[in-house]
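J.: how would this look folded up:
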Amino acid sequence: MSVKLEGMPTNLATADSFTGKKVIDREGIEYGKVKHIHINQDTLTVSGVTIHQGFHKDYFLSENYIDKFSEKTLLLSRPPVRTGIPVIDVDRHKIGKVKRLHRNPDTNELESIEVGFGLMGSKILSKSEIWGVGEKVILGMTKEEFKNIE
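T.: The predicted structure is shown next:
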């Protein structure tokens with residue numbers, strides 16, 4: 001529990017007061033709860049959060065995804081791409097699931113996703129192939145176009 005001290009600005013809060021808050025996007029989709037706040041050691045600003053989504057399902061979101069904290073929630077400015085969520089085409093046909101995320105090691109920015117389909121199949125798609133993200137990842141192509149990708 002954080003304590004407000006005399007002379008402390010009203011818009012400050014301790015990092016531990018955010019732990020356990022629900023994480024939602026602008027459409028009300030819930031992504032889990034805040035597990036950790038990550039602080040940049042040089043600038044002392046928030047650089048991201050770890051989201052706990054369930055049994056051994058933690059993932060990092062950079063500050064680019066954070067819109068604001070409220071008393072009960074962390075509001076995201078845009079929905080994140082996560083492993084294990086369904087992938088569909090522009091006509092809403094199921095293609096598979098997000099198997100793996102490929103990020104730039106220097107910036108942690110998403111570069112591509114690996115989509116798993118069938119028993120053993122998978123294809124890597126550039127983030128430019130993603131049309132939308134929410135409870136599912138929507139690709140900007142049809143299922144036939146996806147099948148023809150090498």
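
J.: report all helices and strands that the lowest-mean-pLDDT helix or strand in the chain contacts.
T.: Averaged element by element with mean pLDDT, DSSP states H and E, the chain has its least confident helix or strand at strand 58-62 (a mean of 86). Where contact means 3 or more CB pairs under 8 Å, 6 or more residues apart in numbering; DSSP states H and E, strand 58-62 is packed against strand 46-52. (C-beta placed from N, C-alpha, C; glycine too.)

J.: now the strand it packs on: average pLDDT?
T.: pLDDT averaged over strand 46-52 equals 90, rounded to a whole number.

J.: hmm, who's touching it?
T.: When contacts are taken as CB atoms under 8 Å, 6 or more residues apart in numbering, the neighbours of strand 46-52 outside the stretch itself are 18, 23, 31-40, 58-63, 65-66, 74, 108.

J.: SS state for N64?
T.: Under the three-state scheme (DSSP: H, G, I helix; E, B strand; the rest coil), N64 adopts helix.

J.: next, count neighbours for the closest residue to it other than its chain neighbours.
T.: Once its chain neighbours are removed from consideration, N64 has its nearest residue in S77; the separation is 7.6 Å (CB to CB, 6 or more residues apart in numbering). Other residues lying near S77 total 12 when counted by other CB atoms under 10 Å.

J.: shouldn't S77 be in contact with E63?
T.: No - using CB atoms under 8 Å, S77 is not in contact with E63, being 9.9 Å away.

J.: rewinding a little: what's the angle from the least confident helix or strand of the chain to strand 46-52?
T.: Angle, strand 58-62 to strand 46-52, by axes from the mean of the first three to the mean of the last three CA atoms, to 10 degrees: 160 degrees.

J.: picking up where we left off before, please indicate which of the contacts of strand 46-52 are buried?
T.: Among those, those classed as buried by 16 or more other CB atoms under 10 Å are 18, 23, 31-37, 59-62, 65-66, 74.
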